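Undergrad: This is the structure alone, sequence omitted:
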Ligand code: SF4
């Protein structure tokens, strides 16, 4: 930080990184951000983590794309174009030239076959940009092959929430933990991934709240836990069913709540009878007494909350994991009151908003089904255009498979990096290389942009106007702090210009006009106007123009046909591949505090990359000793899909038969190793469990 002499203006906006949605103030001098302070937003109350405070300088990195680029004739597609050498592979173009080329390539494919183009939008863009993106694919290409990174993070949570609660968003803000007596934090590592939310969790324990931390890794939150359940990877359903068995057997259910607000209880109760702690202990690795003690504390709390992350969702049984958490909260009556609720901690800063805005192959905005004729016609009326497909579109991984099958030949990718983020990423990279026409819109020459035919230079979050929705359902205004470099443009502007060239009737001249259109078919935005958001954050649903929004929902029933939430029993499903003699360890991938997702931003942030400059994996010190590898030496990790070499760290928080690998490092891309097997409901890959072999890198 500095003093007031350090800057000549300040701009209030939102952090570009995680779904907590911290409000911050950029201090600016000479069109450069000098530093950042936290301000008093509803989710952060002046707090920021290291990313929000020090991670802003990626926007002025010399690798920024500043001019539209078109691939030179005959230059091969693929990785490893040195940004300094970009002009060997691409030639600079005017905006008109690049947009014409982008549109022509896509519309030629559209003319050939209507389903030939798919789109990945971005959870790092604004709500308006996400809305425009899904509209372009649906209106412009007539189908629903549009998706984004929610497919890789919480799609299974949303699937279970929609099925059983009737809404895909959180039932209570994470700040509600201040009114709770007990909380379960499972399959997430908020101290690293949602650090400001974690500060509220720590405060909760300081005032005596009982914290139940469940994770295969000894995550940092465990230090604050009343109960710390280090269960075996992939054994979530067995552990959660056992906890629910205890609650039923000991008569700790909230009978009145179950009778008043739920359905399918008898089936659920019968299902749970088999899942005794004694039977489940060998499967999940938690002693019966520990399971009982945790279950009792959660069930007997006056108010309890459940928070979860991708440790729950990124499994082929991710939807079942979430079903268990929903059932656990319902049977204890821990929904709809102060200090209660279900809260999947959302990952990217606008993954909630992008999902709400319809960047999903099966849903239009507000999770309205594409298969419903009335819903589609409500949108085409507003769009003043013809109908589009009533079939659910393909999801992220399915789109890559469809490219290999020759069913999709063109893509428009805005701000996503599937060449790093997809499971079995060599398969995804081969798919991208196979495309006849790929348009990439981004701020850097990402790994994905290396496969592009046309690259459109976009704006970083701190360079544009738009609204975002955080994990708490809080809609907030992002404002431009500085101007984009060179000829880079705001994403919404690029989308509009591309749509016009695709023959669409778009006339937007400002994001506020897009927001106004969104409101026409999104009741979640009732009572929320652009003008309101200029002055305050509003939590949806907002019941009146004066209502700041409902932090807790479903106190009087659920948005399901009978107003009742549903118990959906979940059986144990084994991970898709199990360790064996050839691949004896379990690989768990994830994030770390300093680096953000595929690293395109944070690895170009001076402070953050200085703290964590090198690809690393974490292993138990005993495992390292057994292998004769010293901390800091290189190991080779090999799965059925490929190998990476990476520096090994000793970490007692990792079980002896596990290894943890962050996915932000291109030089040891974790997703070369991961399994693309999908959860059948959420279509999310099993990033959290792959069978892996570990060797000293010098061993072969
Ligand atoms: Fe940004 Fe999330 Fe950190 Fe807040 S907690 S400053 S939103 S990265």
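TA: Good, I have the coordinates. Computed from a predicted model, the values in this text were never measured in an experiment. Numbering: from 1, shown residues only.

Undergrad: In the longest helix along the chain, which residues are buried?
TA: Secondary structure assigned by DSSP state H gives helix 95-112 as the longest helix of the chain. Within helix 95-112, the residues that count as buried by 16 or more other Cβ atoms under 10 Å are 95, 98-103, 105-107, 109-110. For the C-beta atoms, the positions are set from N, CA and C on the backbone; glycine is no exception.

Undergrad: again, but for stretch 160-177
TA: Residues of stretch 160-177 classed as buried: 160-177 (neighbour count, 16+ other Cβ under 10 Å).

Undergrad: Could you check the pLDDT of residue 3?
TA: For residue 3, the pLDDT comes out at 53.

Undergrad: Report the secondary structure state of residue 294.
TA: Per DSSP: H, G, I helix; E, B strand; the rest coil, the secondary structure class of residue 294 is helix.

Undergrad: was I right about it contacting residue 231?
TA: No - using Cβ atoms under 8 Å, residue 294 makes no contact with residue 231, being 10.8 Å away.

Undergrad: Compare the two (neighbour count), which wins?
TA: For residue 294 versus residue 231, neighbours defined as other Cβ atoms under 10 Å are more numerous around residue 294 (26 against 23).

Undergrad: for this protein, which spans come out with low pLDDT?
TA: By pLDDT under 70, the weakly predicted segments of the chain are 1-5, 79, 113-115, 699-700.

Undergrad: In three-state terms, label the residue of the stretch 151-300 of the chain found nearest the ligand for me.
TA: Proximity of the stretch 151-300 of the chain to the ligand (Cβ to the nearest ligand atom) peaks at residue 196, 3.6 Å away. At residue 196 the chain is in helix, as set by three-state DSSP.

Undergrad: give me the number of residues near it?
TA: 24.

Undergrad: Count the residues that sit near whatever residue of the stretch 201-350 of the chain ends up closest to the ligand.
TA: In the stretch 201-350 of the chain, no residue comes nearer to the ligand than residue 349, which is 6.4 Å away by Cβ to the nearest ligand atom. Other residues near residue 349 come to 30 when the count uses other Cβ under 10 Å.

Undergrad: Setting the sequence-adjacent residues aside, check what's closest to the residue of the chain found nearest the ligand.
TA: For the chain, the nearest residue to the ligand under the criterion Cβ to the nearest ligand atom is residue 52, separated by 2.3 Å. Residue nearest to residue 52 in three dimensions, not counting chain neighbours: residue 15, with 4.1 Å by Cβ to Cβ, 6 or more residues apart in numbering.

Undergrad: One more: residue 23?
TA: residue 41 (2.8 Å).

Undergrad: just residue 300 next, same as before
TA: Closest residue to residue 300 apart from its sequence neighbours, by Cβ to Cβ, 6+ apart: residue 252 at 6.1 Å.

Undergrad: Identify the residues contacting the one you found.
TA: Applying Cβ atoms under 8 Å, 6 or more residues apart in numbering to residue 252 gives the contacts 246, 295-296, 299-300, 332.

Undergrad: just curious, which of these is nearest to residue 429?
TA: Relative to residue 429, the closest of those is residue 295; by Cβ to Cβ it sits at 44.9 Å.

Undergrad: And for that closest one, the neighbour number?
TA: By other Cβ under 10 Å, 26 other residues sit near residue 295.

Undergrad: same question, residue 545
TA: Neighbours of residue 545 (other Cβ under 10 Å): 11.

Undergrad: cool, residue 76 as well?
TA: Residue 76 has 9 neighbours, counted by other Cβ under 10 Å.

Undergrad: if you skip the residues just before and after it, what's nearest to residue 346?
TA: residue 19 (3.4 Å).

Undergrad: correct me, but the one you found touches residue 471?
TA: Yes - assessed by Cβ under 8 Å, residue 19 is found in contact with residue 471 at 3.9 Å.

Undergrad: Mutual contacts of the two, please.
TA: Joint contacts of residue 19 and residue 471 (Cβ under 8 Å, 6+ apart) are 194, 345-346, 352.

Undergrad: Tell me which two of those residues sit farthest apart.
TA: Between any two of these (Cβ to Cβ), the greatest distance is 12.9 Å, for 194 and 352.

Undergrad: Residue 7 contacts residue 27, correct?
TA: Yes - using Cβ under 8 Å, residue 7 makes contact with residue 27 at a distance of 3.8 Å.

Undergrad: quick one, what contacts residue 544?
TA: Applying Cβ under 8 Å, 6+ apart to residue 544 gives the contacts residue 527.

Undergrad: ditto for residue 191
TA: So residue 191 contacts 198, 219-221, 593 (Cβ under 8 Å, 6+ apart).

Undergrad: How far off centre is the strand ranked longest in the chain?
TA: The longest strand of the chain (DSSP state E) is strand 642-650. Taking Cα atoms, centre = their mean, to the nearest Å, one finds strand 642-650 lying 25 Å from the centre of the chain it belongs to.

Undergrad: Direction included, what does it pair up with?
TA: Sheet pairing for strand 642-650, assigned by DSSP bridges, gives strand 616-619 (parallel), strand 634-639 (antiparallel).

Undergrad: Count the neighbours of residue 10 for me.
TA: Residue 10 has 18 neighbours, counted by other Cβ under 10 Å.

Undergrad: For it, give its distance to residue 515.
TA: 24 Å (Cβ to Cβ, to the nearest Å).

Undergrad: same question, residue 85
TA: With Cβ to Cβ as the criterion, residue 85 and residue 515 are 41 Å apart.

Undergrad: who's more crowded, those two?
TA: Higher neighbour count among residue 85 and residue 515: residue 515, with 22 against 11, using other Cβ under 10 Å.

Undergrad: show me what contacts the more buried one?
TA: 127-128, 467, 525, 530.

Undergrad: again with residue 253
TA: 247, 299, 331-332.

Undergrad: would TSV of those with distance to residue 139 be doable?
TA: As requested, the contacts of residue 253 are arranged in TSV below (distance: Cβ to Cβ, whole Å):
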residue	distance to residue 139
247	49
299	49
331	44
332	45
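
Undergrad: Can you say which of those are buried?
TA: 247, 299, 331-332.

Undergrad: Farthest pair within these?
TA: 299 and 331 (7.7 Å).

Undergrad: which neighbours do those two share?
TA: Joint contacts of residue 299 and residue 331 (Cβ under 8 Å, 6+ apart) are 247, 253.

Undergrad: which residues touch the helix or strand harbouring residue 160?
TA: Element membership of residue 160 [criterion: DSSP states H and E] is helix 155-164. With contact meaning Cβ under 8 Å, 6+ apart, helix 155-164 is reached by 150, 167-169, 308, 312-315, 318-323, 325-327, 342, 344, 355, 367, 395, 565-568, 679, 681-684.

Undergrad: After it, which helix or strand is next?
TA: Next along the chain after helix 155-164, with elements defined by DSSP H and E, is strand 182-186.

Undergrad: tell me what that next one is packed against?
TA: Other helices and strands packing on strand 182-186, by 3 or more Cβ pairs under 8 Å, 6 or more residues apart in numbering; DSSP states H and E, are helix 195-206, strand 210-214, helix 288-300, strand 304-308, helix 318-331.

Undergrad: swap the cut-off to 7 Å and go again
TA: Packed against strand 182-186 by the contact rule (3 or more Cβ pairs under 7 Å, 6 or more residues apart in numbering; DSSP states H and E) you find helix 195-206, strand 210-214, helix 288-300, strand 304-308.

Undergrad: Quickly compare these and say which is most buried.
TA: strand 304-308 (a mean of 28; mean count of other Cβ atoms under 10 Å).
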